[in-house]
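>>> give me a model of this one.
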Amino acid sequence: MDSDNEVIELRARPPRIPPTLSSLGLSLLMLLMTCGVAWYLHGEARDELGNEVRRGLLRLAALTAERIDGDAHQRLLDGTDKNDPRFARANRVMVQAVAVDPEIVYAYSVIERGGQLYFVLDSEPPAGPDELAVLQPYEKDVPTALRTALAEGKAQISDPYSDEWGNWITAYAPFHNDRGEVIGVVGLDLTLAEYQRRLVPMQSATYAIYVAGTVASLLIGFGLWWSYRRSGALNQLGRQLSNVNALLNVSKVLGSNVGVDNLLRVIVAKTTAVMRAERTSLFLYDKDRKNLVGRITEGAAAGTEFVVPDDRGIVGRVARSGQIANVDDPAADPDFDGAFDRQSGFKTRRLLTVPIFDPKKTVIGVLQVLNTRDNRPFDRNDEVMLSALAAQAQIAIERERANQRAAESRKLQDALKFAQSIQLGMLPSRFEDLHEAGIDLYARLIPARMVGGDFYDFILTDKRKIGLVMADVSGKGVPAALLMAKSMTLIRAHLEASGDPAETLAKANQELSVDNDQAMFVTVFAAVYDLSNGTLIYSNAGHNHPVIVRDSNTLEIDGAKSVPLGASERAEFANAQLKLKERDVLFLYTDGVNEAMDPDNNEYGEQRMFELLVGYSNEDMTTLVNSCVDSVNSFARGADQSDDITALAMRVPPIG
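Below you'll find the predicted structure:
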């Protein structure tokens with residue numbers, strides 16, 4: 001018997017199992033397979049997300065614990081209450097820990113004394129007078145993780161738990177004194193709201209697979225039942241099996257670590273195969289720009305990326321309306337754009353287009369198939385299957401957008417580093433040229449952040465005159481850096497042109513005051529020193545008073561004072577002058593020097609600075625400036641500083 005006769009004979013045999021039961025059994029089997037794979041992948045992704053949250057929280061708790069000075073923490077216990085400046089300084093670590101991640105609601109330290117646990121540091125301010133005491137009793141049940149962290153000196157993390165304030169997970173990390181002894185633990189309470197929000201896309205994808213699996217199972221069961229009555233139904237059954245297999249394959253790929261582009265290609269390739277189409281396109285929808293970008297295509301134009309305005313074409317209509325478009329005769333549809341067909345030679349005979357939704361039911365893309373290979377119309381089953389595949393594409397798109405946000409963050413950090421190098425590169429550094437001219441001058445700037453607002457400058461206006469500038473821009477970060485660059489350029493240009501400090505400040509102020517919507521300003525001390533007669537002509541726009549060190553004494557230059565640049569268009573500036581003596585030391589600085597703070601919230605202060613200047617006044621200016629910066633850093637003992645540290649020193653050379 002040949003193969004054709006075998007098929008005829010098999011079709012003629014009566015089924016051993018009633019068609020309804022066999023159809024129902026196969027439907028249930030396929031549904032269980034689909035749901036099982038979806039649930040497994042969902043569980044794997046959920047567990048990985050939970051582990052990621054735990055690892056991140058433990059890492060942040062350990063970093064916070066490392067920043068706590070155990071000995072200083074011990075000394076806090078002798079304080080009277082939380083109004084003690086030392087407490088505020090130490091508690092800044094807790095406040096910063098909460099600021100790192102908006103999902104971290106509470107940060108605190110816990111110690112054990114006499115068998116009783118007490119709160120000490122706390123990111124929350126005291127709610128009343130009864131909470132001003134440094135030691136606050138730990139009155140609730142002590143978690144096992146907290147007990148273990150104290151007893152074993154190792155970081156621990158609790159299981160998720162709930163109370164009247166919400167759902168939480170807490171990490172505990174021990175901190176030590178200088179002898180390595182465990183003093184207490186840092187606790188970070190993380191709300192699980194973000195964790196639960198990040199589960200939503202996974203749950204949406206799982207539910208989409210459930211729906212697609214249910215629909216596919218029903219279709220398969222119906223197809224099997226119908227196959228006993230229609231010989232052509234066997235092809236339909238094979239098609240449904242192929243659809244289910246495609247969904248299972250895509251689901252497996254979603255649980256792997258393949259790249260986003262590869263994942264989208266898998267979805268498009270499976271879509272083309274399952275839908276038996278000639279071509280598939282996936283568009284990403286940018287609602288703000290009102291356009292769609294063809295991200296993945298197959299067929300003759302594979303690899304092409306093109307942009308479609310959302311008010312053109314059938315894909316634009318689907319993106320705007322969120323409704324499926326099943327068009328059997330595109331040429332008769334008023335929204336059909338045949339430009340691509342004309343350019344590529346492709347003939348679109350029929351098309352099916354479905355929207356891609358995010359978990360909030362917002363359209364984020366469009367999935368489109370063109371032309372069935374057997375020239376049949378797209379039917380309702382095709383719409384359901386293509387919508388299920390679109391749900392898979394949604395997960396890939398959301399993953400890509402998360403990767404893009406991470407890449408943009410890294411790019412911003414690189415840009416800030418580059419901006420810092422440019423900013424520091426603007427400052428003059430060829431001190432050896434001045435040394436060759438007999439002028440001992442040196443300056444240094446230490447930014448408090450990646451980019452800052454301080455700057456200094458020195459300009460040889462002619463062979464016997466040198467211009468000196470010290471400035472401090474209000475604010476920090478990129479806005480301050482931009483204002484710093486503009487201010488430095490203006491002041492240098494005007495001082496070189498006029499050689500007059502007051503005129504320089506007046507012209508710069510006029511330009512900086514215009515359109516100053518952010519109300520930023522610059523304090524500036526500008527001076528011109530005449531090497532031939534020892535005269536220093538200067539003007540001060542709200543800056544710190546420079547210091548002269550002479551015969552082991554310090555004198556402040558406090559004349560010609562006015563307001564900072566940018567504060568008022570009507571500000572007036574005047575010059576003052578004084579005579580410098582040979583071997584005098586002229587010292588210019590910003591408030592990052594005298595206002596530097598140590599971990600106990602003590603200020604470096606002007607008196608300490610004056611004493612250092614006198615002590616190093618007989619050294620070369622490089623040694624003096626570096627010693628000043630080193631002294632400030634040593635005093636701060638690693639405490640974060642809010643201002644740049646900038647200093648410039650010049651020894652008056654022989655006059656004449």
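
>>> Val475 in helix, strand or coil?
No Val there; residue 475 is Gly. Each residue gets one of three states, and Gly475 gets coil by DSSP: H, G, I helix; E, B strand; the rest coil.

>>> quick check: it touching Ala519?
No - distance between Gly475 and Ala519: 9.6 Å, which falls outside the contact criterion (C-beta atoms under 8 Å). Backbone N, C-alpha and C define where each C-beta goes, glycine included.

>>> between these two, tell me which one has more neighbours.
Taking Gly475 and Ala519 together and counting by other C-beta atoms under 10 Å, Gly475 has the greater number of neighbours (16 against 9).

>>> for the stretch 301-450 of the chain, which spans come out with low pLDDT?
Per-residue confidence of the stretch 301-450 of the chain (counting by pLDDT under 70) places the weak regions at 301-304, 412, 415-420, 422, 449-450.

>>> nearest spatial neighbour of Arg550, chain-adjacent residues omitted?
Sequence neighbours aside, Asp584 is the residue nearest to Arg550 in space, at 5.0 Å (criterion: C-beta to C-beta, 6 or more residues apart in numbering).

>>> so who does the residue nearest the centre of the chain touch?
Against the mean C-alpha coordinate of the chain, by C-alpha atoms, centre = their mean, the closest residue is Ser409 at 4.6 Å. Residues near Ser409 by C-beta atoms under 8 Å, 6 or more residues apart in numbering: none.

>>> which phi and psi values does it adopt?
Taking degrees, to the nearest 10, you get phi -60, psi -40 for the backbone angles of Ser409.

>>> how is the protein divided into domains?
Residue ranges for the structural domains of the chain, counted by automatic domain parsing, are given in the record as 67-191, 258-417, 427-651.

>>> turn the ones you listed into a markdown table, columns for distance to Val211.
As requested, those are exported to a markdown table (distance: least, C-beta to C-beta, whole Å):
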| stretch | distance to Val211 |
| --- | --- |
| domain 67-191 | 28 |
| domain 258-417 | 7 |
| domain 427-651 | 47 |
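
>>> and the stretch of helix or strand Ala481 belongs to, what does it pack against?
Following DSSP states H and E, the helix or strand that holds Ala481 is helix 477-498. In terms of contacts (3 or more C-beta pairs under 8 Å, 6 or more residues apart in numbering; DSSP states H and E), helix 477-498 is packed against helix 380-426, strand 454-462, strand 465-473, helix 501-513, strand 522-530.

>>> tell me the first helix or strand C-terminal of the longest one.
Read in the C-terminal direction, the helix or strand following helix 380-426 is helix 431-436, with elements assigned using DSSP H and E.

>>> which residues does the very next helix or strand once past that next one contact?
Next along the chain after helix 431-436, taking DSSP H and E as the criterion, comes strand 440-446. With contacts defined as C-beta under 8 Å, 6+ apart, strand 440-446 is touched by 424, 427-428, 431, 434, 452, 454-456, 458, 466, 592, 620-622, 624-626, 629, 633, 644-651, 653.

>>> which of the residues you listed are buried?
Applying a neighbour-count criterion of 16 or more other C-beta atoms under 10 Å, the buried members of those are 427-428, 431, 434, 452, 454-456, 458, 466, 592, 621-622, 624-626, 629, 644-651, 653.

>>> can you tell me which residues contact Thr623?
Tyr616.

>>> go with 10 Å
Applying C-beta atoms under 10 Å, 6 or more residues apart in numbering to Thr623 gives the contacts Tyr442, Tyr616, Ala649.

>>> ok, the closest residue to the last one other than its chain neighbours - contacts?
Spelled out, that is Ala649. The shortest distance from Ala649 to any residue that is not its chain neighbour, by C-beta to C-beta, 6+ apart, is 4.4 Å, and that residue is Met621. Counting by C-beta under 10 Å, 6+ apart, Met621 makes contact with 431, 434-435, 439-443, 585-587, 647-651.

>>> got it, and Leu192?
Contact criterion C-beta under 10 Å, 6+ apart gives Gly50, Val53, Glu103, Pro160, Tyr161, Ser162, Gly166, Asn167, Trp168, Ile169, Leu199 as the residues in contact with Leu192.

>>> hmm, 7 Å instead?
When the contact criterion is C-beta atoms under 7 Å, 6 or more residues apart in numbering, the partners of Leu192 are Pro160, Asn167, Trp168, Ile169.

>>> bridging residues for the second one?
Per DSSP bridges, residues listed as beta-bridge partners of Asn167: Ser162.

>>> quick check: pLDDT value at it.
Here the pLDDT value assigned to Asn167 is 86.

>>> repeat that for Phe222.
69.

>>> among the contacts of Leu192, which one lies nearest to Leu117?
Trp168 (18.0 Å; C-beta to C-beta).

>>> might one say that the closest one is in contact with Thr191?
Yes - Trp168 sits in contact with Thr191 when judged by C-beta atoms under 7 Å, with a separation of 6.2 Å.

>>> burial count for Arg86?
When neighbours are counted by other C-beta under 10 Å, Arg86 comes out with 18.

>>> wait, is it part of a helix?
Yes - the assignment for Arg86 (three-state DSSP) places it in a helix.

>>> tell me the pLDDT at it?
Confidence per residue is given as pLDDT, and for Arg86 that number is 82.

>>> chain neighbours aside, what residue packs nearest to it?
For Arg86, the spatially nearest residue (C-beta to C-beta, 6+ apart) is Asp600, at 5.1 Å.

>>> now Leu121
The spatially closest residue to Leu121, leaving aside those adjacent along the chain, is Ser109, at 4.2 Å (C-beta to C-beta, 6+ apart).

>>> neighbouring strands - and their directions - for the one helix or strand the one you found maps to?
Following DSSP H and E, the helix or strand that holds Ser109 is strand 104-113. Paired strands of strand 104-113, with direction, are strand 116-122 (antiparallel), strand 182-191 (antiparallel) (DSSP bridges).

>>> for it, which residues meet the burial criterion?
Ile104, Val105, Tyr106, Ala107, Tyr108, Ser109, Val110, Ile111, Glu112.

>>> could you dump those residues into JSON lines and include pLDDT?
Formatted as JSON lines, the buried residues of strand 104-113 follow (pLDDT from 0 to 100):
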{"residue": "Ile104", "pLDDT": "86"}
{"residue": "Val105", "pLDDT": "86"}
{"residue": "Tyr106", "pLDDT": "88"}
{"residue": "Ala107", "pLDDT": "89"}
{"residue": "Tyr108", "pLDDT": "90"}
{"residue": "Ser109", "pLDDT": "90"}
{"residue": "Val110", "pLDDT": "91"}
{"residue": "Ile111", "pLDDT": "89"}
{"residue": "Glu112", "pLDDT": "88"}
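
>>> need these in a markdown table with distance to Gly338, can you?
Formatted as a markdown table, the buried residues of strand 104-113 follow (distance: C-beta to C-beta, whole Å):
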| residue | distance to Gly338 |
| --- | --- |
| Ile104 | 56 |
| Val105 | 57 |
| Tyr106 | 62 |
| Ala107 | 62 |
| Tyr108 | 67 |
| Ser109 | 70 |
| Val110 | 71 |
| Ile111 | 76 |
| Glu112 | 78 |
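
>>> which one of these is nearest to Met275?
Each of the buried residues of strand 104-113 was scored against Met275 by C-beta to C-beta, and Ile104 proved nearest at 46.8 Å.

>>> wait, the closest one touches Leu190, no?
Yes - taking C-beta under 7 Å as the contact criterion, Ile104 and Leu190 are neighbours in contact, 5.4 Å apart.

>>> which neighbours do the two have in common?
By C-beta under 7 Å, 6+ apart, Ile104 and Leu190 have no common neighbours.

>>> would you mind measuring from the residue nearest to Leu121 to Val215?
Distance check for Ser109 against Val215: by C-beta to C-beta, to the nearest Å, it reads 55 Å.
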